[in-house]
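A.B. asks: I would like to see how this sequence folds:
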Amino acid sequence: LADQKVLHQPDEVPVWEDIKGWPGGFIESVRLVAAPDRRPGKGMVWITNDIEMVADEPTDDLVHLLGMVDTANGVVPRLGIELSAAQWKFPNTD
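C.D. replies: Just a heads-up that it's a prediction; the model follows:
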């Protein structure tokens, strides 16, 4: 049992503000919580925001999900966010 992964629920884990180390208004708009064992290269996080894709239009759940997926590369970079922000960039490929 000692090697089993603990599955946390989003309301059970603390807010993770380190993502705010990345620049940009979009990053400022997200709310993110992270499991306490999150570390460079590995971790479990929950991320969301209330931003509509098109102003005054409801955003489909799939569109909202894809917007959140775009942040995944910066959530648990293997080098750690401090080194990644200073030395590496994660360009959008869309």
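A.B. asks: how close does the nearest residue to residue 37 once chain neighbours are set aside sit to residue 57?
C.D. replies: Leaving aside its chain neighbours, residue 37 sits nearest to residue 43 (7.1 Å; criterion: CB to CB, 6 or more residues apart in numbering). Every C-beta, even on glycine, is put in place using the N, C-alpha and C of the backbone. Distance of residue 43 to residue 57, given as CB to CB, to the nearest Å: 33 Å.
A.B. asks: neighbour-wise, which of the two wins?
C.D. replies: Neighbours around residue 43 and residue 57, counted as other CB atoms under 10 Å, are more numerous at residue 43. The numbers are 14 against 8.
A.B. asks: need the longest helix for the protein.
C.D. replies: helix 61-69 (DSSP state H).
A.B. asks: Find out how far the very next helix or strand once past that helix is from the centre of the chain, if you would.
C.D. replies: Next helix or strand after helix 61-69 toward the C-terminus (DSSP states H and E): helix 72-75. Helix 72-75 has its C-alpha centroid displaced from the chain centroid by 6 Å (CA atoms, centre = their mean, to the nearest Å).
A.B. asks: Likewise for stretch 57-76?
C.D. replies: The answer for stretch 57-76 is 9 Å, by CA atoms, centre = their mean.
A.B. asks: Please state the offset of stretch 30-41 from the chain centre?
C.D. replies: That offset, for stretch 30-41, works out to 8 Å (CA atoms, centre = their mean).
A.B. asks: Buried residues, that stretch. List them.
C.D. replies: 30, 32-35, 38 (16 or more other CB atoms under 10 Å).
A.B. asks: Secondary structure and pLDDT for those residues - can I get that in a markdown table?
C.D. replies: Formatted as a markdown table, the buried residues of stretch 30-41 follow (DSSP: H, G, I helix; E, B strand; the rest coil; pLDDT from 0 to 100):
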| residue | secondary structure | pLDDT |
| --- | --- | --- |
| 30 | coil | 86 |
| 32 | strand | 88 |
| 33 | strand | 91 |
| 34 | strand | 87 |
| 35 | coil | 87 |
| 38 | coil | 81 |
